[in-house]
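Novice: Show me the folded form of this:
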Amino acid sequence: MDLRRAFSGRYAGRRVLVTGHTGFKGSWLAMWLESLGAQVIGLALPADTEPSHHAILALAQDEYLVDLRDARAVRQAVTGSAPDIVFHLAAQPLVRRAYREPALTFETNVQGTVNLLEAVRATPSVRAVVVVTTDKCYQPNDGPWGYRETDPLGGHDPYSASKACAELVVASYRASFLDADDGRGHRVLVASARAGNVIGGGDWAADRLVPDLVRGALSGVPVPIRFPDAVRPWQHVLEPLSGYLMLGERLLAGDAQCAQAWNFGPAPGDAWPVARVVEAFARDWPQAGARLCPDKANPHEAAALRLDCSKADLELGWQPVWRLDQALARTARWYRGWHGSGEVASMDDLACYVAQAERLGRSWAGTAASRAESVFEAA
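Specialist: Modelled structure (predicted):
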């Protein structure tokens, strides 16, 4: 299967900077971009888990191991790499760690985004930026409907608030500096992307449900589940990445209407309570036991998070590919293969995902995307 033809072949030969490439989502995105023929450059701290998906993949790419909080180092990395497009995923991504280290979280997620966008301003080659935040950037309402991009931003906990602040930074820099030609000969189109709870192979972070279930399956110790009734928009990691790549494709094509905020979440029926996800994962890996132990002493977390992705559907033609039960099965298979025999199924997962997207007629996949090429003038 030739993966390069997806997204209109827009990424082939492009210089693409991925911040956070050593993290879970960033490593999957770097792998996908490499399969699309992009010249990938990474900017991040070293991976903070052992093992790490980044190390396992061992992709052939240049990288800058710098801290987002170091404005000078970030600027040197961005100007030195001279990318065409930047996908900004680097962050402090853990809710519970943010309670323990709120200052670090705000410095990384807010000032780090400022540092990145300042570096973009100093780099004439950059034409597009996709800044990744989260579904938790919205002001909580705990209602039965999904958040829309026009809903108020907010956040009870430090992590959520930091991501809402990052969204405001993006909107400010877009309006104040990047939405007009500042002398470089072109505008820089900047969009933000908000996704739900992602799962997939290669995540070993602390305080995340699936990695905890994997550790429990390997140790034989049931995992304590603190918020069994919490509803989250679960999706395989490849789902939002296809949205980010589709958005980047449109920005590189010069579509200024896409320089705004976008939700990329699962089908409405795939917003499940935590307890249901645990039960489904255990069907694919029976050793993954858990015990429900809700504790009022735990830090606050929203009771329900749902995303309304109708805008991405109507205006981008983006829809998810895998339903949650399929995503959980692929995820369990990935971990069982890795821990059982050292098999790394990431590229196999990607190939299966793209093949199913093409069968479903998703506009970014294969020849359908190529036919859409004429809609936009090449950058």
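
Novice: residues contacting R75?
Specialist: Contacts of R75 were listed using Cβ atoms under 8 Å, 6 or more residues apart in numbering, and they are 115, 118-119, 122. Backbone N, C-alpha and C define where each C-beta goes, glycine included.

Novice: from memory K25 sits against L241, does it?
Specialist: Yes: K25 lies in contact with L241 (Cβ atoms under 8 Å); the separation is 7.0 Å.

Novice: Export the contacts of R75 as a markdown table, with columns for pLDDT and neighbour count.
Specialist: Shown next, in a markdown table, are the contacts of R75 (pLDDT from 0 to 100; neighbours: other Cβ atoms under 10 Å):
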| residue | pLDDT | neighbour count |
| --- | --- | --- |
| N115 | 98 | 23 |
| E118 | 98 | 16 |
| A119 | 98 | 23 |
| A122 | 96 | 11 |
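
Novice: so which of those comes closest to Q39?
Specialist: Using Cβ to Cβ, A119 is the member of these that lies nearest Q39, at 18.3 Å.

Novice: burial measure for the closest residue to the closest one other than its chain neighbours, as a count.
Specialist: Excluding the flanking residues, the one nearest A119 by Cβ to Cβ, 6 or more residues apart in numbering is V78, at 3.7 Å. When counting by other Cβ atoms under 10 Å, one arrives at 27 neighbours for V78.

Novice: Now do V78 against D325, distance only.
Specialist: Noted for V78: a distance of 41 Å to D325, by Cβ to Cβ, to the nearest Å.

Novice: Name all residues that make contact with A98.
Specialist: 92, 105, 157-159, 162.

Novice: what do you get for W334?
Specialist: For W334, the contact set (Cβ under 8 Å, 6+ apart) comprises 200-202, 345-346, 349.

Novice: Equivalent analysis for L104, please.
Specialist: Q92.

Novice: That one: what secondary structure?
Specialist: Counting by DSSP: H, G, I helix; E, B strand; the rest coil, the backbone at L104 sits in helix.

Novice: what does the one 4 residues further on give?
Specialist: The three-state label for T108, taken from three-state DSSP, comes out as helix.

Novice: before we move on, the earlier item: in strands, which of the contacts of W334 fall?
Specialist: Assigned to strands by DSSP state E, none of those qualify.

Novice: Just the closest of these to D70, please.
Specialist: Checking the contacts of W334 one by one against D70 (Cβ to Cβ), the nearest turns out to be G202, at 26.8 Å.

Novice: excluding its backbone neighbours, what's nearest R96?
Specialist: Leaving aside its chain neighbours, R96 sits nearest to D207 (4.6 Å; criterion: Cβ to Cβ, 6+ apart).

Novice: was I right about the one you found contacting Y99?
Specialist: No: contact criterion Cβ under 8 Å: D207 and Y99 do not qualify, at 10.3 Å.

Novice: Tell me which of those two has more neighbours.
Specialist: Legend: neighbour count by other Cβ under 10 Å for D207 and Y99, higher for Y99 (15 against 11).

Novice: So the more buried one, which state does it fall into?
Specialist: Secondary structure of Y99, reduced to three states by three-state DSSP: helix.

Novice: Same question for A60.
Specialist: The local conformation at A60, judged by three-state DSSP, is coil.

Novice: Contact partners for it?
Specialist: Contacts for A60 (Cβ under 8 Å, 6+ apart) come out as E34.

Novice: Ramachandran coordinates for it?
Specialist: Main-chain dihedrals, A60, degrees, to the nearest 10: phi -90, psi 90.

Novice: Please tell me how far A230 sits from G37.
Specialist: 40 Å.

Novice: er, A256 I mean
Specialist: Noted for A256: a distance of 25 Å to G37, by Cβ to Cβ.

Novice: Which two of the contacts of A98 have the greatest separation?
Specialist: Most distant of the contacts of A98, by Cβ to Cβ, are Q92 and D157, 12.2 Å apart.

Novice: Name the nearest residue to G366, ignoring sequence neighbours.
Specialist: Residue nearest to G366 in three dimensions, not counting chain neighbours: E358, with 4.2 Å by Cβ to Cβ, 6+ apart.

Novice: before we move on, what about G80?
Specialist: Leaving aside its sequence neighbours, G80 sits nearest to Y64 (Cβ to Cβ, 6+ apart; 7.6 Å).

Novice: follow-up on the earlier one: in terms of neighbours, single out the busier of A256 and G37.
Specialist: Counted by other Cβ under 10 Å, A256 and G37 do not tie: G37 has more neighbours, with 16 against 11.

Novice: ok, now which ones touch that one?
Specialist: Contacts for G37 were tallied using Cβ under 8 Å, 6+ apart; they are 4, 9, 11-13.

Novice: Can you report phi and psi for I225?
Specialist: The phi/psi pair for I225 (degrees, to the nearest 10) reads phi -110, psi 110.

Novice: and if you look at A90?
Specialist: Main-chain torsions, A90, degrees, to the nearest 10: phi -60, psi 130.

Novice: that older thread, whichever of the contacts of A98 end up buried, select them in PyMOL.
Specialist: In PyMOL, a selection of the buried entries from the contacts of A98 looks like this (16 or more other Cβ atoms under 10 Å):
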select buried, resi 92+105+157+158+159+162
